[in-house]
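Q: missing the sequence, but the structure's below:
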């Protein structure tokens, strides 16, 4: 039996084969690093280097990484080590934290439906520099009638992105959401 496909379909199959070969090559690279006693890291930018460009291919590569490091049980152990530790926006890239300067603590973690959720709180003394140049404490900023809700969401986003900077490269897992109590001094 012969199956006739168009040139377009053939090219798609050829590209899929190349992507699978690239993912297998990356898995082999990670395994070799592990054999040498090195800690492997998941970096989304590395995927482009390996020719893994589509969303689906990146998902497969991320799943492969997670399997190599120990899947969700490993992630739980990594996150549990972070509970109670104080983090600061000063320790992260300016692109992530913007005009925010505060510290926070992760107080708990929840694993539900194959996803990770964090709980935490900001510590007293945080500040934000607004686009108009005003410099406010976090307490003042979240009480603002016009901007308060937006500031609260941005604080959560900053913490979420910072925690992903720590957790994703080591575990291959992203944090889905964070419930954050914001100190109002």
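A: Nice, I can see it. Note that the structure is a prediction, hence the values are computed from the model and not measured.
Q: where along the protein do the helices fall?
A: If DSSP state H is used as the criterion, the helices of the chain fall at 7-35, 44-49, 55-69, 71-82, 94-97, 138-143, 148-171.
Q: Out of the ones you listed, which is closest to residue 131?
A: helix 148-171 (11.0 Å; CB to CB). To be clear about C-beta, it is placed using only N, CA and C from the backbone, and glycine gets the same treatment.
Q: got the angle for the closest one vs helix 55-69?
A: Calculated by axes from the mean of the first three to the mean of the last three CA atoms, to 10 degrees, helix 148-171 forms an angle of 60 degrees with helix 55-69.
Q: Could you measure from residue 173 over to residue 109?
A: 11 Å (CB to CB, to the nearest Å).
Q: Quick check: which of the helices of the chain is nearest to residue 113?
A: So among the helices of the chain, helix 71-82 is nearest, using CB to CB, at 11.2 Å.
Q: Report all helices and strands that the closest one contacts.
A: When contacts are defined as 3 or more CB pairs under 8 Å, 6 or more residues apart in numbering; DSSP states H and E, helix 71-82 sits against strand 103-112, strand 115-122, helix 148-171.
Q: Partner strands of the second one and their direction?
A: Here strand 115-122 is paired, per DSSP bridges, with strand 103-112 (antiparallel), strand 175-181 (parallel).
Q: Of all the residues in the longest one, which ones are buried?
A: I take that to be strand 103-112. 103, 104, 105, 106, 109 (16 or more other CB atoms under 10 Å).
Q: Also stretch 53-73?
A: 57, 58, 60, 61, 62, 64, 65, 66, 68, 69, 71.
Q: pLDDT and distance to residue 168 added to those residues, as TSV?
A: As requested, these are exported to TSV (pLDDT from 0 to 100; distance: CB to CB, whole Å):
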residue	pLDDT	distance to residue 168
57	88	17
58	90	12
60	90	16
61	92	13
62	92	9
64	92	15
65	93	10
66	92	11
68	93	14
69	93	11
71	82	14
